[in-house]
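A.B. asks: kindly return the folded structure for what I paste below:
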Amino acid sequence: MNFLFAWRYFKAKKSTNSINVISWISILAIVIGTASLILVLSVFNGFEGLVKSLYSSFYPDLKVSPLSGKEMVLTQEQLQKLRSVKGVRNVSLVVEEKALLKNGDYQTIVSLKGVDDNYTAVTNIRDQIVKGDFNTGTADDALLVLGAGIESAVGVQTDRNLVPLAIYLPRKGEVSLSDPFKSLSVDTINTSGTFLIQQDFDNKYALTNLAFVKNMLGMNADTYGGAEIAIDNRMDADAVQQMVKDALGKQYIVLNRYEQNASLFSVMQVEKWMIYAILSLILVVAAFNMIGALTMLVLEKKQDISVLHALGADRSFIQRIFLTSGLLLAFLGGGAGMLLAFIIGTAQTKFHLVPLEGNTFMVNYFPVKMVYTDFILVSVTVIVIALIASWIPARKAAAQQFILRSE
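C.D. replies: From the prediction side, this is the model:
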């Protein structure tokens with residue numbers, strides 16, 4: 001019943017045209033605020049999905065690391081137990097250490113990562129090769145796969161390099177202050193390919209054969225730097241993570257993909273919610289317009305309120321009418337805003353209407369990913385703000401003196 005009164009008051013011609021003008025300004029502000037919120041949240045979702053896809057090319061679903069230090073022991077029995085965990089699709093053993101790569105006058109420090117043959121089964125690194133191919137060679141004839149930034153830093157063309165690079169790694173437990181080079185293992189190594197993922201990886205990592213790195217570092221047969229795990233997509237990642245922890249014991253740390261990049265994803269979430277809070281101010285501005293429009297409507301319908309009271313309507317019914325009037329404005333503006341955001345988001349996804357300038361990104365347009373939870377969040381935000389804005393004029397309408405005729 002109160003909705004029918006609210007709808008009638010909204011459609012009815014007002015004695016003062018400014019009431020209609022302010023009402024439509026309120027609706028327009030809600031449309032703009034709602035559409036802006038959904039589109040910005042969708043763009044953040046798009047960038048987040050893009051970043052996760054890039055990082056998933058290098059980071060595995062789960063990573064096992066030592067509780068302390070850089071090395072851990074995994075016996076064949078432990079590895080067999082790990083591979084038999086339900087949901088574990090594949091396991092790759094790795095070792096990572098800082099190394100110096102030198103090519104004549106060019107040299108750079110890299111994070112040298114030794115990987116086994118299963119590495120391409122737990123990451124998507126093979127899909128990111130832009131030059132040559134992914135081939136880490138053997139223990140006796142190792143090859144390097146370089147990040148694009150490393151390739152540039154040492155001045156080579158990985159798919160056609162004829163002169164091997166010199167590689168320096170620290171000897172385990174050997175330190176010579178008089179001659180630092182005695183503390184290093186030195187070898188030569190050629191290149192096979194280049195990967196291009198993201199600057200954090202391209203400027204830092206070089207990949208090679210696991211056995212080659214272990215030999216240079218003097219590591220024991222059952223000693224590794226970590227284990228990287230791919231899980232069955234049909235399995236719950238948290239459940240598999242817990243089962244891996246139970247299988248290995250407390251001497252190991254097991255991290256999921258989010259935990260491996262916790263700082264990055266935390267910053268992205270903070271940025272997203274900060275933008276959400278800032279853009280919500282547009283809806284707050286609309287709320288002030290709504291307060292003005294409903295206050296003027298209360299003054300306009302003063303006689304109608306008295307008539308309703310005379311017919312038996314109590315103060316709570318009168319209050320609900322004007323609360324519903326505010327919600328009506330919110331529904332009209334919010335619904336139109338969501339429809340507008342959906343149309344613009346779909347058009348951006350299909351036709352890439354808004355480009356990214358600078359050609360420094362993996363994509364040349366703003367990525368958009370619309371999720372239903374954002375629509376629910378924005379709907380709740382609009383309704384809450386509308387209720388708060390409507391409360392003041394609704395209370396005023398309910399509290400006024402009911403007089404059918406004034407002298």
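A.B. asks: K250 against L67, yeah?
C.D. replies: Yes. The pair K250 / L67 is scored as a contact, 7.3 Å apart, by Cβ atoms under 8 Å. All C-beta spots, glycine's among them, are computed from the backbone N, C-alpha and C.
A.B. asks: now for this protein, the helix or strand with the poorest mean pLDDT.
C.D. replies: helix 2-11 (a mean of 72; mean pLDDT, DSSP states H and E).
A.B. asks: now that helix, how far from the centre of its chain.
C.D. replies: Going by Cα atoms, centre = their mean, to the nearest Å, the spacing between the C-alpha centre of helix 2-11 and its chain's C-alpha centre is 43 Å.
A.B. asks: elements contacting it?
C.D. replies: helix 315-351 (3 or more Cβ pairs under 8 Å, 6 or more residues apart in numbering; DSSP states H and E).
A.B. asks: show the average pLDDT along the helix it packs on.
C.D. replies: The pLDDT scores in helix 315-351 average 93.
A.B. asks: can you give the distance of the helix or strand just after that helix from its chain's centre?
C.D. replies: Where DSSP states H and E defines the elements, the next helix or strand beyond helix 315-351 is helix 372-399. How far helix 372-399 lies from its chain's middle: 29 Å, per Cα atoms, centre = their mean.
A.B. asks: now helix 372-399 and helix 315-351, what's the angle there?
C.D. replies: On the basis of axes from the mean of the first three to the mean of the last three Cα atoms, to 10 degrees, helix 372-399 is oriented at 150 degrees to helix 315-351.
A.B. asks: so for helix 372-399, mean pLDDT?
C.D. replies: For helix 372-399, the per-residue pLDDT averages 92.
A.B. asks: R89 - that's part of a strand, no?
C.D. replies: Yes. Checked against DSSP: H, G, I helix; E, B strand; the rest coil, R89 lies within a strand.
A.B. asks: grab the nearest non-local neighbour of it.
C.D. replies: A230 (4.6 Å; Cβ to Cβ, 6 or more residues apart in numbering).
A.B. asks: so the one you found, which of the three states?
C.D. replies: Assignment for A230 (three-state DSSP): strand.
A.B. asks: isn't it up against T120?
C.D. replies: No. If you go by Cβ under 8 Å, A230 and T120 don't touch, sitting 10.2 Å apart.
A.B. asks: which element is the most centrally placed residue in the chain on?
C.D. replies: For the chain, the residue sitting closest to the mean C-alpha position, by Cα atoms, centre = their mean, is E48 at 2.9 Å. According to DSSP H and E, E48 maps onto helix 17-56.
A.B. asks: off-centre distance for that helix?
C.D. replies: For helix 17-56, the distance to the chain centre is 18 Å (Cα atoms, centre = their mean).
A.B. asks: could I get the buried residue list for it?
C.D. replies: For helix 17-56, burial by neighbour count (16 or more other Cβ atoms under 10 Å) applies to 19-20, 22-23, 25-27, 29-48, 50-52, 54-55.
A.B. asks: low-confidence ranges, the stretch 101-250 of the chain, go.
C.D. replies: Scanning the stretch 101-250 of the chain for pLDDT under 70 picks out 173-182.
A.B. asks: show me where it has helices.
C.D. replies: 119-122, 148-153, 199-202, 210-217, 237-248 (DSSP state H, counting those that start in this stretch).
A.B. asks: check what contacts the second one and list those residues.
C.D. replies: Outside helix 148-153, the residues within contact range by Cβ atoms under 8 Å, 6 or more residues apart in numbering are 101, 106, 108, 110, 130-131, 157-158, 191, 194-196, 199, 202-206.
A.B. asks: kindly report the same for stretch 114-123.
C.D. replies: With Cβ under 8 Å, 6+ apart, stretch 114-123 has contacts from 56-61, 89-96, 125-126, 134, 136, 207-214, 225, 228-230.
A.B. asks: report the buried members of the residues you listed.
C.D. replies: 57-61, 90-96, 125, 134, 136, 207-214, 225, 228-230.
A.B. asks: count of residues packed around S65?
C.D. replies: 18 (other Cβ atoms under 10 Å).
A.B. asks: show me what the helix or strand harbouring it is packed against.
C.D. replies: Assigned by DSSP H and E, S65 belongs to strand 62-66. Secondary-structure packing of strand 62-66 (3+ Cβ pairs under 8 Å, 6+ apart): strand 72-73, strand 226-231, helix 237-248, strand 252-256.
A.B. asks: neighbouring strands for the shortest one, and are they parallel or not?
C.D. replies: Sheet partners assigned to strand 72-73 using DSSP bridges are listed as strand 223-224 (antiparallel).
A.B. asks: ok, L196 - contacts?
C.D. replies: Q128, V130, G147, A148, D202 are the contacts of L196 under Cβ under 8 Å, 6+ apart.
A.B. asks: buried subset of these?
C.D. replies: Here, 16+ other Cβ under 10 Å leaves Q128, G147, A148, D202 buried among the contacts of L196.
A.B. asks: how much space separates the third one from N203?
C.D. replies: Taken as Cβ to Cβ, to the nearest Å, the spacing of A148 relative to N203 amounts to 8 Å.
A.B. asks: repeat that for A211.
C.D. replies: 26 Å.
A.B. asks: that's a helix at F58, yeah?
C.D. replies: No. With three-state DSSP as the criterion, F58 is located in coil rather than a helix.
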